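Peer 1: 3D, please:
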Amino acid sequence: MNPEKLAAQIGVPLNTVGAAHYFHPQSVARSKELGLDGFRFYVLGRGGVLGDVEAPVIQSAFGGFNGGLIAKMWDSARSVVDPRQAAREILDCGHAIGRAEFSELDGLDAFNEAAQAVIAATDPAGLALYAGYAAEPLPDDAPARAMQLAITLRELRGSAHLVAVLAAGLTPAQAHTIKRPDMVAQFGWEESPVIEEHHRRSLDQAEELTNKIAGHGFASLTAEQGDALLAGASAMLAALQND
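Peer 2: This next block holds a predicted model:
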C-alpha cells in the first residue's frame, strides 16, 4: 500500500482511539484524586512528556488552542502536579482502558510490531510532541502497549499536521476553525478568524502534506504489516464504540 494512503487511512481510527483516554470517566476520576479538573489533567498530562517547560512551549506543540487558555491551564495545573508525573498518570489511564477494552482482540501483537516499526523509522525532527511520546517506555502487555502506540501514532499525525498547516500558509487557529467550527470558544478563541475559500484549499493541501510527512515512517512496512496496522486500529475503534 502507498505509505501516504496508509497514513491517511490509519489516521481515521487512531484519531478516536488515541484520544479515548483523555476524558474517559476513569481519567476524570483520577484527575480529581490528583487535585485537578479533567481539562487541566488533559493539558498537563498530554503536554507533560515535554517536561516542566513554560506554557508557550506547550502552545507551540499543541497548536489550535489560544495561548492564553493554555497558559492558564498549564500553569495552574503544574503548580499542583509535576508535568512528568501527570504524563505518566494519564498514560496509565490509557493503559487501563486498553486492558479493559482490548484484551479479547486478535492481532494486537501484529499491530504492535507494525506500529513500533513505524516509530523506529520516523525521524522526529520538527515533531516535538510526537517525539515526547515516542520516547516513553512501553508497557509489556499487548493491550496496554497497543493503546500507548495508538496514542503515539495519533501524536505523529498531529505533529505532522501542525507543520503542514504552517507550510500551507495557514495559522493553527484558521485550520482549527475550518475543521471544528463549533469548537472555537472551547479552544479559547473569543471570535472565529475570517475564513475564505482559499483557506479551505490551503487546508486540503495541508492534509496532503500531512500524509506525506507522516508517511515516511509507514514506508518501512511490508504489505502484511500495513494490513495488520489497519486491522488492529479498526478493531480497537470497534471495541471502544461497542462499549
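Peer 1: wait, F111 sits on A228?
Peer 2: Yes - the pair formed by F111 and A228 meets the contact definition of C-beta atoms under 8 Å, at 5.7 Å. Glycine gets a C-beta too; all of them are placed from N, C-alpha and C.
Peer 1: ok, those two, which is more surrounded?
Peer 2: The residue with more neighbours, out of F111 and A228, is F111; 27 against 21, by other C-beta atoms under 10 Å.
Peer 1: dump the residue contacts of that one.
Peer 2: A146, L149, A228, L229, A231, G232, A233, M236 (C-beta atoms under 8 Å, 6 or more residues apart in numbering).
Peer 1: quick one: the nearest residue to it once chain neighbours are set aside and Q9, what's the gap?
Peer 2: Computed as C-beta to C-beta, 6 or more residues apart in numbering, the closest residue to F111 that is not its neighbour in sequence is G232, at 2.7 Å. Applying C-beta to C-beta, to the nearest Å, the value for G232 to Q9 is 13 Å.
Peer 1: joint contacts of these two?
Peer 2: Contacts common to G232 and Q9, judged by C-beta under 8 Å, 6+ apart, are absent.
Peer 1: higher neighbour count, these two?
Peer 2: G232 (29 against 19).
Peer 1: element containing that one, please.
Peer 2: helix 223-241 (DSSP states H and E).
Peer 1: Packing partners of that helix?
Peer 2: Counting contacts by 3 or more C-beta pairs under 8 Å, 6 or more residues apart in numbering; DSSP states H and E, helix 223-241 packs against helix 3-17, helix 83-102, helix 108-121, helix 142-167.
Peer 1: Now G63: phi and psi?
Peer 2: The phi and psi torsions at G63 (degrees, to the nearest 10) take the values phi 70, psi 160.
Peer 1: got a list of what it touches?
Peer 2: G158, L162, V165, P172, A175, H176 are the contacts of G63 under C-beta under 8 Å, 6+ apart.
Peer 1: now do 7 Å
Peer 2: L162, P172 (C-beta atoms under 7 Å, 6 or more residues apart in numbering).
Peer 1: Out of the helices and strands packed on helix 223-241, the one nearest S220 is which?
Peer 2: helix 108-121 (3.7 Å; C-beta to C-beta).
Peer 1: for this structure, which spans come out with low pLDDT?
Peer 2: 243 (pLDDT under 70).
Peer 1: buried stuff in stretch 74-90?
Peer 2: W74, A77, R78, V81, P83, A86, A87, R88, E89, I90 (16 or more other C-beta atoms under 10 Å).
Peer 1: I'd like those as a markdown table, with distance to G38 appended.
Peer 2: Shown next, in a markdown table, are the buried residues of stretch 74-90 (distance: C-beta to C-beta, whole Å):
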| residue | distance to G38 |
| --- | --- |
| W74 | 15 |
| A77 | 11 |
| R78 | 16 |
| V81 | 13 |
| P83 | 17 |
| A86 | 12 |
| A87 | 16 |
| R88 | 17 |
| E89 | 13 |
| I90 | 11 |
